[in-house]
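Chemist: Mind looking at a prediction? Sequence and model below.
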Amino acid sequence: MKQLIWKLALPLTIIVFIVFSKWWHALLDGPDAILYGFPLPYTCKGFHTSMSLQFFFIELLIDLLAYFLFFFMVIYLTNRFLFPIKIPKTVSIILYVMACILLCLPILIAVNPDNVFYMKRPFDIEVIDSGYDFIWQDQDWRRQ
């Protein structure tokens, strides 16, 4: 099972975490904001400059843990009760290469010196609207 975690659950967690997300249109103390993350919002635009982001570590860790636990349970239950899972080395390499390539962009975005990092979101939100999107979708956030 340990091999399945390293070969399948971890790269799938990274790939799906980056590709699939949820947006939250929320009211804050100031202007409206769009927050991202599933099941909890872990990032939004920075308030002090237009090119910065705010990251919230606790929410980010909870989101990563939720994705990992989902894949771990699916793999564990499939391996235990349906059929044994055998991962060829080429599939494992392809998954890790995809995960590393997809991980490059969020890392480059996160190392921006204007970004702000918090342990926990320092403000309350009132959600107006929310939806799901994939990394390749372009959203129009203007209110009609």
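Modeler: That came in fine, so what should we check first? Residues are numbered from 1 along each chain as shown.

Chemist: Spit out the contact partners of the spatially most central residue of the chain.
Modeler: Centre of the chain computed as the mean C-alpha position; nearest residue by Cα atoms, centre = their mean is Phe17, 3.7 Å away. Shown in contact with Phe17 (Cβ atoms under 8 Å, 6 or more residues apart in numbering): Asp63, Leu64, Tyr67. For glycine as for every other residue, the C-beta is placed from the backbone atoms N, C-alpha and C.

Chemist: part of a helix, is it?
Modeler: Yes: under DSSP: H, G, I helix; E, B strand; the rest coil, Phe17 falls within a helix.

Chemist: can you offset everything so residue one is 19?
Modeler: OK, 19 is where the count begins now, so the last one is Phe35.

Chemist: quick revisit: for the contacts of Phe35, pick the one with the most neighbours.
Modeler: Asp81 (22 neighbours; other Cβ atoms under 10 Å).
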